[in-house]
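Undergrad: need a 3D model of the sequence below.
(chains A and B)
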Amino acid sequence: MVADLIEETVVQLLRDAVTTLPPDVIEALQYAESCETSEVARSQLRTILDNVDAAGRLSVPVCQDTGVHVFYVTGPVDASIEESICMGVARATEEIPLRPNVVHPLTRENSGTNVAIGLPHVIYYPTGDEFLEITVLPKGAGSENMTSLAMLPPSDGINGIKQFILDTVVEAGGRPCPPTIVGVGIGGTSELAVSMAKEALLRPLGLPNLDPELTILENNLTEAINLTGIGPMGLGGDTTVLGVRICTAYCHTASLPVAVNLQCWAARRATARIYSDGRVRFGRSPFDP
Amino acid sequence: MILEYPLSKNKVQALQLGQIVSVSGTVFIGRDEVHMRALERRHQGKLLPVDLEDGILYHCGPIMTRDSRGWKVIAAGPTTSARMNKLEPDFIKEFGIRAIIGKGGMSRPTVEAMKEHGCVYLAFTGGAAVLAAQKITRVRGVEWLDLGMPEALWIIEADSLGPLTVAIDAHGNSLYDNVEKEVQGNLEAARLRLGL
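TA: Numbering: from 1, shown residues only, chains lettered A, B, ... in the order given. Model prediction:
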């Protein structure tokens, strides 16, 4: 793959991701506004939708917290890709612009470019495909700070999982900018559960889980959480979450890891597939195989 | 109602929970690091580069750009106020601010400090960064830029920045506390829905 093409594609991906929302998210917000019975909640959702409109028209970031950047890369990966992604992030920071969010954890010194040791975070899934697929998930801190992991005793079972998810959303209240999307990772190891919880957010709203049982669980959790009345921005209302997305993996017989990663309403994501002949296809979530 | 800098104690005490307002005139933008540095300076007996008394503090980490004409705001929505929970009671007491714009609400000690000193919390929609930028007419200046763009102390001019909801009044009432009570009451129904 040509390094310049990857860099250019990353800049475009970030521009798409931060200045517009995926259509499924906009539809979910519009639907929520049409159903809300609380006047305060309706006004919050109206402000959100007006803001999304304005961002798109002006081609500026929907939210000032343009996040830190998690990339998912599938295809014939090699060691040069990371450098191209980093160059793309630094250029996007300057050109779009993105807010320079990346600081040293202790000195809090800002790198100024959104690139530094550990960030952007790139997750690789090598495949034999001829194309390279890159998905970016810019994650703001308001929702990321609400991330939670429980290493449940296996005997807690499905009810323990449900209770933990409900507790996490209730504890977060208005802080993660609801209405949120709830990413859940069940199983794996501790770090895999947390990683799956975030990756679960890549599946568009309205697209069912591949496992029908999990689709039912996702829908039940969505309905139950929305009964709490936390509402948009925690100011009360019927719309606390737009959806729940679950990923699972097998785990140790003595473990039951569950992780929750909340996504603010500004659910930004974008995907590009770069073909070996130089064509690039853009979308808002990973393409079907 | 439009609230304009400088604000008086009487003015903010007259505001009612749930009332919709907007703000005009000078607004100070500051979050985590501004709180820490300002309080540190005060404890060392040093002056701040700006006088915050009777002012409006906006919890925000904006995206700004600079050209030959100076700074320009690109996106400037509110940040999570709860991160300042530990610092805000002191900040209100030491600097005499009259209003805080933020999102997500603040904890009881801040609510009490607001009651004691005469200050209100105005909730803005999280992520409404572009709408906010459109209401910011001018960037008057920036201090402490060494803290980085999101953490610096920005001084801006606003024209009807809002809509803002009075979510904590100057009498110890908090809309967030009210919602939390309702949520606790609704939890049983949520659990039942999940078969718990």
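Undergrad: can we go C-alpha only for contacts and neighbour counts from here?
TA: OK.
Undergrad: now do the strands in chain A.
TA: Per DSSP state E, chain A carries strands over the ranges A:68-75, A:121-126, A:132-139, A:148-152, A:180-187, A:241-249, A:256-263, A:270-274, A:280-283.
Undergrad: just these: most buried one?
TA: A comparison of the strands of chain A by mean neighbour count, using mean count of other Cα atoms under 10 Å in any protein chain shown, puts strand A:256-263 on top with a mean of 29.
Undergrad: which bits of the stretch 151-289 of chain A sit near chain B?
TA: A:159, A:162-163, A:170, A:173-177, A:220-221, A:223-230, A:233-236, A:266 (Cα under 8 Å from any Cα of the partner chain).
Undergrad: what are the buried residues along the biggest helix by length in chain B?
TA: When chain B is parsed with DSSP state H, its longest helix is helix B:175-193. Neighbour-count burial for helix B:175-193, counted by 16 or more other Cα atoms under 10 Å in any protein chain shown, picks out B:Leu175, B:Tyr176, B:Asp177, B:Val179, B:Glu180, B:Val183, B:Asn186, B:Leu187, B:Ala189, B:Ala190, B:Arg191.
Undergrad: which helices and strands sit right next to it?
TA: Applying 3 or more Cα pairs under 8 Å, 6 or more residues apart in numbering or on different chains; DSSP states H and E, we find helix B:175-193 packed against helix A:212-226, strand B:153-168.
Undergrad: let me know how buried A:Leu106 is, in neighbour terms.
TA: 6 (other Cα atoms under 10 Å in any protein chain shown).
Undergrad: for stretch B:119-132, C-alpha coordinates in PDB please.
TA: Only the C-alpha atoms of stretch B:119-132 are listed here, as PDB (Å, rounded to 0.1, in the frame of the first residue of the first chain):
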ATOM      1  CA  CYS B 119     -23.800  31.500  42.400                       C
ATOM      2  CA  VAL B 120     -25.800  29.400  40.000                       C
ATOM      3  CA  TYR B 121     -25.100  26.400  37.700                       C
ATOM      4  CA  LEU B 122     -26.400  26.800  34.100                       C
ATOM      5  CA  ALA B 123     -26.600  23.500  32.200                       C
ATOM      6  CA  PHE B 124     -25.700  23.600  28.500                       C
ATOM      7  CA  THR B 125     -26.200  20.700  26.100                       C
ATOM      8  CA  GLY B 126     -23.100  18.500  26.000                       C
ATOM      9  CA  GLY B 127     -21.500  18.500  22.600                       C
ATOM     10  CA  ALA B 128     -23.400  21.600  21.400                       C
ATOM     11  CA  ALA B 129     -20.000  22.900  20.300                       C
ATOM     12  CA  VAL B 130     -20.900  24.500  17.000                       C
ATOM     13  CA  LEU B 131     -24.000  26.300  18.300                       C
ATOM     14  CA  ALA B 132     -21.900  27.600  21.200                       C
END
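Undergrad: roughly how far does A:Arg175 sit from A:Val136?
TA: Using Cα to Cα, to the nearest Å, we find A:Arg175 at a distance of 23 Å from A:Val136.
Undergrad: then B:Phe28?
TA: Taking Cα to Cα, one finds B:Phe28 at 33 Å from A:Val136.
Undergrad: how about the residues of the stretch 1-150 of chain A near chain B?
TA: So the stretch 1-150 of chain A meets chain B at A:44, A:47-48, A:50-51, A:54-55, A:60-65, A:97-101, A:109-110, A:112, A:142 (Cα under 8 Å from any Cα).
Undergrad: in helices, which of those residues fall?
TA: Judged by DSSP H, the subset of the residues of the stretch 1-150 of chain A next to chain B located in helices is A:Gln44, A:Thr47, A:Ile48, A:Asp50, A:Asn51, A:Ala54, A:Ala55, A:Gly142.
Undergrad: farthest-separated two in those?
TA: Using Cα to Cα, those span at most 21.8 Å, a distance reached by A:Ala54 and A:Gly142.
Undergrad: that older thread, dump the strands of chain A to TSV, plus mean pLDDT.
TA: Below are the strands of chain A laid out as TSV (pLDDT from 0 to 100):
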stretch	mean pLDDT
strand A:68-75	98
strand A:121-126	97
strand A:132-139	98
strand A:148-152	98
strand A:180-187	98
strand A:241-249	98
strand A:256-263	98
strand A:270-274	98
strand A:280-283	97
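Undergrad: any residues touching the longest helix of chain B, and which ones?
TA: Helix B:175-193 has contacts (Cα atoms under 8 Å, 6 or more residues apart in numbering or on different chains) with A:163, A:170, A:220, A:223-230, A:234-236, B:17-18, B:104-105, B:167-168.
Undergrad: which stretches in chain B count as strands?
TA: Using DSSP E, the strands found in chain B span residues B:2-4, B:20-29, B:56-58, B:63-67, B:70-75, B:99-102, B:120-123, B:136-143, B:153-168.
Undergrad: possible to save the ones you listed as TSV with distance to A:Cys86?
TA: Shown next, in TSV, are the strands of chain B (distance: least, Cα to Cα, whole Å):
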stretch	distance to A:Cys86
strand B:2-4	44
strand B:20-29	30
strand B:56-58	32
strand B:63-67	20
strand B:70-75	23
strand B:99-102	32
strand B:120-123	36
strand B:136-143	29
strand B:153-168	29
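Undergrad: near chain A, which residues of chain B?
TA: Within chain B, the positions adjacent to chain A are B:61-63, B:74-77, B:79-80, B:82, B:103-105, B:125-131, B:147-150, B:175-176, B:179-180, B:182-184, B:186-187, B:189-191, B:193-196 by Cα under 8 Å from any Cα.
Undergrad: and with 6 Å instead?
TA: B:62-63, B:75-76, B:80, B:104, B:126-131, B:148, B:179, B:183, B:186-187, B:190, B:193 (Cα under 6 Å from any Cα of the partner chain).
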